[in-house]
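K.L.:
Predicted structure and sequence below. I'll ask about it afterward.
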Amino acid sequence: MWLLLLALASAELRFEPAPVDGAKTVLTVVDDAGRPRSGVGVRVVQRPGLPGERQTSLGLTDSLGRVEWTPEVAGSTIVRVGSDETPLIVRSATPPVTTLSWLGLLALAATATAAVGLTRRRTRGHPHRSRH
Amino acid sequence: MLPWPAIAAAACAAVWLSFAGLSHGGLAELVVAAAAGAVVGLPLASLAQSAPERALRTELVRVAGAVIALACLGGALEATALSLPLRAGFALSVWWLACLLGPRPWTLAAPIVLLAVGAVGMAGIGHWTLLEVHWSGLGDWWSRSAALGLLLAGTGGLAWSRTEAGRRPYLGFGLGLWAALGMALLLGLAWEGGMVLAPAAAVGLGGVAVLGSTEGLRTRPYVIGGGVLAVALALGGTEVSGVLLATLAPVLIAAVAASLAFDLRGSSRFAAVALAAGCAAIGLSNGFALPDAVLPAVGAALAVVAVVWAVGTRFVLERRGA
């Protein structure tokens, strides 16, 4: 077990373990002096500004400044504690197969098309065929 | 000859992906662009290469290439933190430098910039949030992505109508697609990691495109007009350049494609008209700015097909009769 420490503008968030989609993590909110902040509301916005954006209220922190969270999707996330916003990345438990597949196909298409462009055009001796 | 129009189109990709794209469909936007380029742009480019040369069309293509490159640079500058006077001064400087030196000094710079953007883009691998593929809301962004595909393939093909040596439109399309992928990865990195390489890459692509696109534009009206346009687009930012790239450029490609129809016969002529209609539909769909602009755009494009086909058929029949 290890502790992930994220620096914030005016507070700190600690995750144990580091956030991964589908896995439960414990988020601890502490103030600048490192003391837990209890009774503060925590919300998360996953994929902000993108298709599939979802907002979730995690509730209030307990007396130790903790709240549990199970991220539903991987990627960019914003954690809101009061008026403070903290961006973080939720790592994916499995590789993004669909995105990787499309990326591979596009790269293959680009390479193949450029390779075709480097070949010389077939020249015909009689460009205009006639039946006469 | 180097793929200047494709570089401009790749810069265009950078501009659009920077500001509006990717946040809607992610990598799906590039998939639509690649499909549009393969289905409409590349066949059109091949037709253009096989069509007889026409002075007016060649000039039109040269001017269009420079205008598209300037629009790309104008949009790319919006991504920087430069103030308006600095932005305008930068765009004007690039344009005048291009006019003074011509395209030759940049023949080495272009592939280096393309390769650099592709290579630096590798730094974005692992940052997938922005690139996640989403097909929902396809009706809102498909036409813009399709216009990007047209620019990647169509402008390259039209500009290369003079070359007979190789399948240059394919080379331009492939390199442009690589640069666009690099930009997408860089933007994914910027979204998750806050790195600001993407604006620099966009400006680099736009600048090189402008420097290379001045070929054939040595006459004074073009030079002065291009300078004024560069300043206007730099000040106008992405809104002005977006209209130019998303709406006017596909319509311009459609006009050139329609002009090809009169020089071709049989199935090639029909293909040119159909491809022109496709380009017009994409451009008009962007231009209507309606929630569901697909039907009116397709209707307008079919009208273009009907008119050009009818007029072209009559013209050919009269010529045969004479």
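P.N.:
Arrived safely. No experiment lies behind these values; they were computed from the predicted model shown.

K.L.:
count of neighbours near residue B:200?
P.N.:
Residue B:200 has 15 neighbouring residues, counting by other Cβ atoms under 10 Å in any protein chain shown. All C-beta atoms are positioned from the backbone trio N, CA, C, and that covers glycine.

K.L.:
What strand or helix carries it?
P.N.:
helix B:197-213 (DSSP states H and E).

K.L.:
center of chain A - which residue?
P.N.:
The residue lying closest to the centre of chain A (Cα atoms, centre = their mean) is residue A:75, at 1.1 Å.

K.L.:
Quick check: closest non-adjacent residue to it.
P.N.:
Once flanking residues are discounted, residue A:75 sits nearest to residue B:129: 3.3 Å by Cβ to Cβ, 6 or more residues apart in numbering or on different chains.

K.L.:
what secondary structure does the one you found sit in?
P.N.:
Assigned with DSSP: H, G, I helix; E, B strand; the rest coil, residue B:129 falls in the coil class.

K.L.:
looking at it, residue B:256 is touching residue B:60, isn't it?
P.N.:
Yes: here residue B:256 reaches residue B:60: they are 6.2 Å apart, a contact under Cβ atoms under 8 Å.

K.L.:
The two: who's more crowded?
P.N.:
More crowded of residue B:256 and residue B:60, by other Cβ under 10 Å: residue B:256, with 25 against 16.

K.L.:
other SSEs contacting the helix or strand harbouring the more buried one?
P.N.:
In the assignment (DSSP H and E), residue B:256 maps to helix B:249-261. Applying 3 or more Cβ pairs under 8 Å, 6 or more residues apart in numbering or on different chains; DSSP states H and E, one finds that helix B:249-261 makes contact with helix B:42-50, helix B:55-78, helix B:138-150, helix B:266-288, helix B:294-321.

K.L.:
For it, give the mean pLDDT please.
P.N.:
Mean pLDDT, helix B:249-261: 80.

K.L.:
same check, this time on stretch B:185-201
P.N.:
Mean predicted lDDT for stretch B:185-201 stands at 81.

K.L.:
try stretch B:93-113
P.N.:
Stretch B:93-113 comes out at a mean pLDDT of 75.

K.L.:
Let me know the pLDDT of residue 6.
P.N.:
No chain was given, so I picked chain A. Reported pLDDT for residue A:6: 45.

K.L.:
Correction: the question concerned chain B.
P.N.:
pLDDT, read off for residue B:6, is 52.

K.L.:
Which positions in chain A make contact with chain B?
P.N.:
A:47, A:49-52, A:74-76, A:89, A:92, A:96, A:98-99, A:102-103, A:105-107, A:109-121 (Cβ under 8 Å from any Cβ of the partner chain).

K.L.:
what is the orientation angle of the helix holding residue B:200 with helix B:55-78?
P.N.:
Interaxial angle of helix B:197-213 relative to helix B:55-78 (axes from the mean of the first three to the mean of the last three Cα atoms, to 10 degrees): 160 degrees.

K.L.:
so how far is the next helix-or-strand element following helix B:197-213 off the chain centroid?
P.N.:
Next along the chain after helix B:197-213, taking DSSP H and E as the criterion, comes helix B:220-243. Put simply, helix B:220-243 sits 16 Å off its chain's centre (Cα atoms, centre = their mean, to the nearest Å).

K.L.:
And the contacts of helix B:220-243?
P.N.:
Applying Cβ atoms under 8 Å, 6 or more residues apart in numbering or on different chains, the external contacts of helix B:220-243 come out as B:15-16, B:19-20, B:63, B:66-67, B:70-75, B:77-78, B:84, B:87-88, B:90-92, B:94-96, B:99, B:210, B:214, B:217, B:244, B:287.

K.L.:
between it and helix B:249-261, what angle do the directions make?
P.N.:
120 degrees.

K.L.:
Helix B:220-243 versus helix B:138-150: what angle between them?
P.N.:
150 degrees.

K.L.:
can you map out the strands along chain A?
P.N.:
A:4-7, A:12-16, A:25-30, A:41-46, A:54-60, A:66-69, A:75-81, A:84-90 (DSSP state E).

K.L.:
how many other residues sit next to the residue lying closest to residue B:278 once chain neighbours are set aside?
P.N.:
Among residues not flanking residue B:278 along the chain, residue B:40 sits closest, at 4.6 Å (Cβ to Cβ, 6+ apart). Number of residues near residue B:40 (other Cβ under 10 Å) recorded here: 26.

K.L.:
Residue B:266 now?
P.N.:
Residue B:266: 8 neighbours (other Cβ under 10 Å).

K.L.:
Also residue B:98?
P.N.:
Neighbour tally, residue B:98, other Cβ under 10 Å: 28.

K.L.:
host element of it?
P.N.:
With DSSP H and E as the criterion, residue B:98 is inside helix B:84-101.
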